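Asks: Provided below for reference: sequence and predicted model.
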Amino acid sequence: MAFKKLVVATDGSDNAHRAVRMAADIASTYGAKLYILHCVLVGSVPKELLHWARVEHLVEDDGTQNDLPEWPGYGNLGVIGPNRERWVSYQARLQLGRAILDEAIARARESGVKDIEEVFEEGDAAKAVMALVKREHIDLAVTGTRGLGVIDQMLVGSTSHKLTAMGRLPVLTVP
């Protein structure tokens, strides 16, 4: 089977990085178009991503509490206070998502993929992938076994599980 169009969803996790590499290798081998999708985080932000956001100076951790969730944080995109998830502004989530997507695109280009389309959306990643599959007639979805979701105990992440359960296209799950 020759693949013409692939999609990989990324949330910035190590598993997502491996999935992006695998999808890029397949796309490069087949000369296929690669759609790289990221859905903006909703709910609590995983501690791994908060750490990365601090290192990248996208949010500031000043240890104070403020009643305004969109408080500017001395010019940064958000402030992480005692209630960590509450103080990451929507703008900071957009900036994190943009950085995750840009990094995945750079990895794919380094692997030799010529035709890349970025997809930056909100909502459930599995639903976004399936909508893209239907709209663009995707041949293969590539996903990591686990992402940065809040259910750490699951062996298979919710996105990869949902895509596999839908059974509408081949899904390559990368550990």
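Replies: Yes, it's here. What you see is a predicted model; the values in this text were computed from it and never measured.

Asks: what's near enough to touch residue 126?
Replies: Counting by Cβ atoms under 8 Å, 6 or more residues apart in numbering, residue 126 makes contact with 158, 159, 162, 163, 166. Heads up, the C-betas are built off the backbone N, CA and C, glycines and all.

Asks: now, among these, which is nearest to residue 114?
Replies: Proximity of these to residue 114 (Cβ to Cβ) peaks at residue 163, which lies at 25.3 Å.

Asks: After the helix or strand bottoming out on mean pLDDT in the chain, heading C-terminal, what element do we hit next?
Replies: When each helix and strand of the chain is scored by mean pLDDT, DSSP states H and E, helix 47-55 comes last, with a mean of 64. The helix or strand immediately downstream of helix 47-55 is helix 90-110, counting by DSSP states H and E.

Asks: export that next one as CSV, just CAs?
Replies: Provided in CSV are the C-alpha atoms of helix 90-110 (Å, rounded to 0.1, in the frame of the first residue of the first chain):
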residue,chain,number,x,y,z
TYR,A,90,-5.6,31.2,26.8
GLN,A,91,-2.9,33.2,25.1
ALA,A,92,-0.2,31.1,26.8
ARG,A,93,-2.0,27.9,25.7
LEU,A,94,-2.0,29.2,22.1
GLN,A,95,1.7,30.1,22.3
LEU,A,96,2.5,26.7,23.7
GLY,A,97,0.5,25.0,21.0
ARG,A,98,2.2,27.1,18.3
ALA,A,99,5.7,26.2,19.6
ILE,A,100,4.7,22.4,19.8
LEU,A,101,3.5,22.6,16.2
ASP,A,102,6.5,24.5,14.9
GLU,A,103,8.9,22.0,16.5
ALA,A,104,7.1,19.1,15.0
ILE,A,105,7.2,20.7,11.5
ALA,A,106,10.9,21.3,11.9
ARG,A,107,11.5,17.7,12.8
ALA,A,108,9.5,16.6,9.8
ARG,A,109,11.4,18.9,7.5
GLU,A,110,14.7,17.5,8.9
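
Asks: Give me the helices and strands touching that helix, please.
Replies: If contacts are counted by 3 or more Cβ pairs under 8 Å, 6 or more residues apart in numbering; DSSP states H and E, helix 90-110 sits against helix 14-30, strand 33-40, helix 47-55, strand 116-122.

Asks: And residue 95, how close does it get to residue 13?
Replies: Per Cβ to Cβ, to the nearest Å, residue 95 is found 18 Å from residue 13.
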